[in-house]
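Colleague: structure for this input, please:
(2 chains, ligands or ions: 2)
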Amino acid sequence: MSEPASDLRLRKRASLQQAGAGETQLNVVQELIHRKQEERPVNGHAVLLNGLSKSFGDRRVLSELDLEIPAGQLLAIVGRSGCGKSTLLRLIAGLDRPTSGKISVAGTDVESLQSNVRLLFQDARLLPWHRVLGNVGIARTKGWRETAAAALADVGLADRANDWPAVLSGGQAQRVALARALVSRPSVLLLDEPFGALDALTRMEMHRLLECIWREHGFTTVLITHDVAEAVALADRVIVLRDGGIALDMPIDLPRPRREAADTSAVALQARILDEV
Amino acid sequence: MAVRPQHKNRGAAALQFLASWALPLGILVLWEIASRSGVLSTRLLPAPSAVAAAFWESLRNGTLLTHAAISTERALKGLIIGGGIGFALGILAGISRLVETVFDSSMQMLRNVPHLAIIPLVILWFGIGEEAKIFLVAIGTAFPLYLNTFHGIRTIDVRLIEMARVYGLGRLALFWRVILPGALPSVLVGLRFSLGIMWLTLIVAETISASSGIGYMTMNAREFLQTDIVVLGIIVYALLGKLADTITRLIEARALAWHPAYRLNATREATS
Ligand SMILES: Nc1ncnc2c1ncn2[C@@H]1O[C@H](COP(=O)(O)OP(=O)(O)OP(=O)(O)O)[C@@H](O)[C@H]1O
Ligand SMILES: [Mg+2]
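Modeller: Ligands and ions are numbered 1, 2, ... in the order given. The predicted structure is shown next:
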């Protein structure tokens, strides 16, 4: 019983509310991550893509894609701009229908929008006319205030619950969007370059935060990024998308917690990925 | 250190306030002098003091409030009927392609007809009763609300709608939580336009045919050359218009508190 409570305290301390809070906070996160390592839960669902193709008009963006994402994996997808990363994510989310092929989440085919799959867009897409808390609890399910407040605390923004989205900084808005995605306890979380617009420092904070939450919740994660270092720092596995297919599928076996670009093995992995992009 | 600039600010604000009133006050004084000295015939324009006296007298015997109440009632009835129809049609056309194809081109065509041009027809249809005036106000107020509501819905960020769908909002929730609030700034702009048209229409309608209301009061006074009452009527119309505008501003400040451009404090900070 005391375990979750102390976790929560740690997490609150680790929520990195102030930019540049520095080494001590990172240490707290790492301590937390270490502790989580032994008892990492898997609440995620496996995602299966089978001969997936998508064309817009006569432009074929994805062709005959086969991919198996095991439950609880953190998969990073990198690729050049316009290679179809967002398209793939929208297909998995059920926002668009594939031209041919099949997607299944937890063994059931994706025909339309999935309630256990959440997509974090590149822009935060908060509703400006709802306060931060109302944005997080957007689905207004029973007891949404409490769950939304808890999710906000998870991303370190508990004290901004009553603010309008317009006054948030870019990084804060993206954290609110993350809280909104987490509030329904998704089993698959799709992230479409969510940190692309953030500065390097804030981005690192977000990486820590995401890793921390992912380790705790154990959802399956697909992270799209153009930043190879980000992919190597966060993912269990990196995929390079090129010409509508998978050009490289590489496991990242570096021990967690990881420090971005800290050791030579990470640099070597990054070089290999960059060769393929 | 922090106090002194504030004092300075307050002094400057007072000066600005005085400066903005200097011109109208000066004109009033000159006008009063011109009337008293006989340069300005009171048959053409009454002295400001005479208008004030007329105001006091009509307030005391109750005629002013009665007429103003009747005018306001007509205005609001017309607005609720016409504005309500315009708003509802705007929403339906905004969310349904079918309603849009059926109504929108007709509405776009009709809105170019000056609604005051149909006064002869309206008198033929309704005579000079209450219905005629309310009908005219309703016609006039329907279009701005229709156009702005429709436009407001159509210009909602589609990415927000997509987000709402991904996060599991059904059609009703989507309407109440995304579409309506998103269209609200535009709807309120439409309401402002409608309120302006509402008073204008009513002035014309009451001047042409009525046996009560501010417009009747002024036309009746004209027959007896009571120019003070005529001017008083004009002022009352102006005040009613201003009141309506202030109310919409307050509604905007409340309903659009999320909008950086509408926040009361924000505008104050930006302008001072
Ligand atoms: N709705 C659409 N209609 C037509 N073409 C589209 C549509 N959506 C995407 N495309 C095309 O599909 C291709 C892949 O787009 P996608 O958005 O998936 O790229 P991406 O890999 O996410 O790129 P970026 O890294 O720049 O976000 C592009 O050439 C784009 O023009
Ligand atoms: Mg993209």
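
Colleague: which parts of the stretch 1-150 of chain A are helices?
Modeller: A:2-14, A:23-38, A:85-93, A:132-136, A:144-154 (DSSP state H, counting those that start in this stretch).

Colleague: output the third one as CSV, nothing but the C-alphas.
Modeller: The one in question is helix A:85-93. In CSV, the C-alpha atoms belonging to helix A:85-93 read as follows (Å, rounded to 0.1, in the frame of the first residue of the first chain):
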residue,chain,number,x,y,z
LYS,A,85,4.4,8.0,-41.1
SER,A,86,1.4,10.1,-40.2
THR,A,87,-0.7,8.1,-42.7
LEU,A,88,0.3,4.9,-41.0
LEU,A,89,-0.6,6.2,-37.6
ARG,A,90,-4.0,7.5,-38.7
LEU,A,91,-4.7,4.0,-40.2
ILE,A,92,-3.8,2.4,-36.9
ALA,A,93,-6.0,4.9,-35.0
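
Colleague: list the contacts of that helix.
Modeller: A:47, A:49, A:52, A:54, A:61-62, A:65, A:77, A:79, A:96-98, A:103, A:105, A:110, A:113-114, A:117, A:119, A:122, A:188, A:190, A:192-193, A:222, A:224, A:241, B:166 (Cβ atoms under 8 Å, 6 or more residues apart in numbering or on different chains). To be clear about C-beta, it is placed using only N, CA and C from the backbone, and glycine gets the same treatment.

Colleague: buried ones in it?
Modeller: Buried residues in helix A:85-93, defined by neighbour count with 16 or more other Cβ atoms under 10 Å in any protein chain shown: A:85-93.

Colleague: roughly how far does residue B:103 sit from residue B:143?
Modeller: 12 Å (Cβ to Cβ, to the nearest Å).

Colleague: give me the element the most centrally placed residue in chain B is part of.
Modeller: By Cα atoms, centre = their mean, chain B has its centre lying nearest to residue B:195, at 2.8 Å. For residue B:195, the host element (DSSP states H and E) is helix B:180-208.

Colleague: helix or strand next in line after that helix, which one?
Modeller: According to DSSP H and E, the helix or strand after helix B:180-208 is helix B:214-223.

Colleague: which helices and strands does that following helix pack with?
Modeller: helix B:63-78, helix B:180-208, helix B:227-255 (3 or more Cβ pairs under 8 Å, 6 or more residues apart in numbering or on different chains; DSSP states H and E).

Colleague: give me the contact list for the first one.
Modeller: Spelled out, it's helix B:63-78. Here helix B:63-78 has contacts from B:55, B:58-59, B:130, B:133-138, B:140-141, B:198-199, B:201-202, B:206, B:212-217, B:232, B:236, B:240, using Cβ under 8 Å, 6+ apart.

Colleague: which of these count as buried?
Modeller: Members of the contacts of helix B:63-78 classed as buried by 16+ other Cβ under 10 Å are B:55, B:58, B:130, B:133-138, B:140-141, B:198-199, B:201-202, B:206, B:212-217, B:232, B:236, B:240.

Colleague: so what's residue 107 up against?
Modeller: The chain I'm using is chain A. A:46, A:48.

Colleague: my bad, chain B
Modeller: B:89, B:93, B:143, B:146-147.

Colleague: now for these, which pair is the farthest apart?
Modeller: B:93 and B:143 (12.7 Å; Cβ to Cβ).

Colleague: how about the residues of chain A near chain B?
Modeller: A:93, A:95, A:113, A:115, A:118-119, A:121, A:123, A:125, A:127-131, A:138-140, A:164-166, A:180, A:184 (Cβ under 8 Å from any Cβ of the partner chain).

Colleague: of those, which belong to strands?
Modeller: A:118-119 (DSSP state E).

Colleague: pretty sure residue A:221 is in a helix, no?
Modeller: No: going by DSSP: H, G, I helix; E, B strand; the rest coil, the assignment for residue A:221 is strand, not a helix.

Colleague: what count of nearby residues applies to the closest residue to it other than its chain neighbours?
Modeller: If the residues on either side of it in the chain are set aside, residue A:221 comes closest to residue A:74, at 4.5 Å by Cβ to Cβ, 6 or more residues apart in numbering or on different chains. Residue A:74 has 23 neighbours, counted by other Cβ atoms under 10 Å in any protein chain shown.

Colleague: surely residue A:74 and residue A:219 touch.
Modeller: No: counting by Cβ atoms under 8 Å, residue A:74 stays clear of residue A:219, with 9.2 Å between them.

Colleague: contacting residues around the most centrally placed residue in chain A?
Modeller: When Cα atoms, centre = their mean is applied to chain A, the residue found nearest the centroid is residue A:191 (4.3 Å). Applying Cβ under 8 Å, 6+ apart to residue A:191 gives the contacts A:119-120, A:210, A:221-224.

Colleague: out of the helices of the stretch 1-150 of chain A, which gets the lowest mean score?
Modeller: Lowest mean pLDDT within these: helix A:2-14, a mean of 44.

Colleague: quickly list what residue A:223 is bridged to.
Modeller: For residue A:223, the beta-bridge partners are residue A:76, residue A:191 (DSSP bridges).

Colleague: where's it relative to residue A:78, distance?
Modeller: Taking Cβ to Cβ, one finds residue A:223 at 9 Å from residue A:78.

Colleague: quickly list what's touching both of the two.
Modeller: Going by Cβ under 8 Å, 6+ apart, residues that sit against residue A:223 and also against residue A:78 are residue A:231.

Colleague: quick check: residue B:173 touching residue A:130?
Modeller: No: the pair residue B:173 / residue A:130 is not scored as a contact, 12.0 Å apart, by Cβ under 8 Å.
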